[in-house]
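Chemist: Generate a structure from the sequence data that follows.
(2 chains, ligands or ions: 2)
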Amino acid sequence: MDNQFFIKAVLIAVFLIIGLFLVIPTRGARQLAVRRLTTLLLVLVAIFAVAFPDLINSLANLIGVGRGTDLLLYGLIVVFIGSSVTASRRYRQQEAQITDLARAVAIAQANHPAEKSDETP
Amino acid sequence: MPLYNEAQVVREVVEHARQTFPNIVCVDDGSTDGSAEQARLGGATVVVHPINLGQGAALQTGITYALQDPNAEFFVTFDSDGQHRVEDALAMVNRLDTEPLDVVIGSRFLDGRTKPGLLKKVVLKAAVIFGNLTSGMKLTDAHNGLRAFNRTGAGAIRIRQNRMAHASEIIAEIANAKLRYAEEPVFVVYTDYSRSKGQSLWNSVNILSDLWLK
Ligand SMILES: Nc1nc2c(ncn2[C@@H]2O[C@H](COP(=O)(O)OP(=O)(O)OP(=O)(O)O)[C@@H](O)[C@H]2O)c(=O)[nH]1
Ligand SMILES: [Mg+2]
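Modeler: Numbering: from 1, shown residues only, chains lettered A, B, ... in the order given. Ligands and ions are numbered 1, 2, ... in the order given. Predicted structure coming up:
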């Protein structure tokens, strides 16, 4: 087994979870909370990485990644894909709301069908 | 009738359909060529979406609107581009009237009259197989815009797919609601006009992703 097995397994697992997230419906509250917790975690990790670059390096070596910067790059890719997925999901939910709104406006502006016959001679 | 940029033909289509069906609702979707005005001149009631939402959204709006009329018994979805024939729609409504059915779905593949072109035919057939596998129904045409519902059928269906994926969604809804359905052979006219405006096959990719992504 090669020494990068661990990081490969972790990355593939994370991508699979993101992919699953794409097709499984979730409730609004949890999604928002997860998004905010992730942001908080990212800030903490960023501060940590700036303050202790050596620790990042040793962590990288521990899980079979060559350098700390590589590990950061992997992390960045994961975060980017994850945020694209949540953004597209939010876009779809918003689209559904806009549709309901536009439909209500369209029907409100049209004459009620049962009354239509009154005004056409 | 979903209506999007069909000003050239819609007036004639509505006038012709009105000889058989007095109440026509066109749902205009932000057409930029004066389609809504042409449809009104033809004698249709026009419901106007403030922004373009897509054919599926327009069908749902039209059904929701028509259901407001308590005297309406039957509901037909009919393309405004002149591809459907009024006599087919009439035959479908007659079946709803005389047979124990909630939905009659038009099929252009029950006989050999319709000529959609080879590539289109392959894609449409693939869509049929996919639809039958996922819904457990036995249909021969999944993406035909000509359908007739009674009140039960029209009320049971909720289209959430705004764009072209609504056709598969309607079939899934019919299966879920356990509606009584049948297919009716119809003739879909492919003229140069409709061919030049019709759906790009690239849309099959969009339909699949719309169906799977939440
Ligand atoms: N309201 C609305 N109607 C649309 C939209 N796109 C298409 N339509 C209407 O839907 C009907 C069918 O559209 P087509 O593009 O011909 O699709 P099709 O008949 O399924 O595909 P073809 O077999 O290629 O003709 C026509 O009456 C169009 O005017 C849209 O975005 N909004
Ligand atoms: Mg067409």
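Chemist: what does chain B put close to ligand 1?
Modeler: Applying CB under 6 Å from any ligand atom, one finds that chain B approaches ligand 1 through B:2-4, B:6, B:27, B:29, B:52, B:54-55, B:58, B:79-81, B:83, B:143, B:145, B:194, B:197-199. Any C-beta I mention is one placed from the backbone N, CA and C, and that applies to glycine too.
Chemist: what about burial for those, which qualify?
Modeler: B:2-4, B:6, B:27, B:29, B:52, B:54-55, B:58, B:79-81, B:83, B:143, B:145, B:194, B:198 (16 or more other CB atoms under 10 Å in any protein chain shown).
Chemist: Chain A next: which of the residues you listed are close?
Modeler: Among these, proximity to chain A is found for B:Val27 (CB under 8 Å from any CB of the partner chain).
Chemist: Just the ones in helices from the buried ones among the residues of chain B next to ligand 1, please.
Modeler: Members of these lying in helices (criterion: DSSP state H): B:55, B:58, B:194.
Chemist: who's in contact with B:Arg113?
Modeler: Applying CB atoms under 8 Å, 6 or more residues apart in numbering or on different chains to B:Arg113 gives the contacts B:Phe187.
Chemist: tell me the secondary structure for it?
Modeler: Classification of B:Arg113 using DSSP: H, G, I helix; E, B strand; the rest coil returns coil.
Chemist: how close does B:Gly64 sit to B:Ala154?
Modeler: Gly isn't right for residue B:64; it's Thr. Going from B:Thr64 to B:Ala154 by CB to CB, to the nearest Å gives 9 Å.
Chemist: Next: A:Gly28.
Modeler: Per CB to CB, A:Gly28 is found 30 Å from B:Ala154.
Chemist: The chain: helices as residue ranges?
Modeler: As the question left the chain open, I've gone with chain A. Taking DSSP H to define them, one finds helices in chain A at A:5-23, A:28-51, A:53-62, A:68-109, A:116-119.
Chemist: looking at chain B here, not the other one
Modeler: Secondary structure of chain B (DSSP H): helices located at B:10-18, B:35-42, B:55-67, B:86-98, B:118-135, B:151-156, B:166-176, B:192-197, B:203-212.
Chemist: Out of those, which is closest to A:Arg92?
Modeler: Closest of the helices of chain B to A:Arg92 is helix B:203-212, at 9.1 Å (criterion: CB to CB).
Chemist: count of neighbours near the closest residue in space to A:Ser88 that isn't next to it in sequence?
Modeler: Leaving out its chain neighbours, the residue that sits closest to A:Ser88 by CB to CB, 6 or more residues apart in numbering or on different chains is B:Leu213, at 7.4 Å. When neighbours are counted by other CB atoms under 10 Å in any protein chain shown, B:Leu213 registers 12.
Chemist: just to revisit the earlier point, right, so of the helices of chain A, which gets closest to B:Phe149?
Modeler: helix A:68-109 (18.1 Å).
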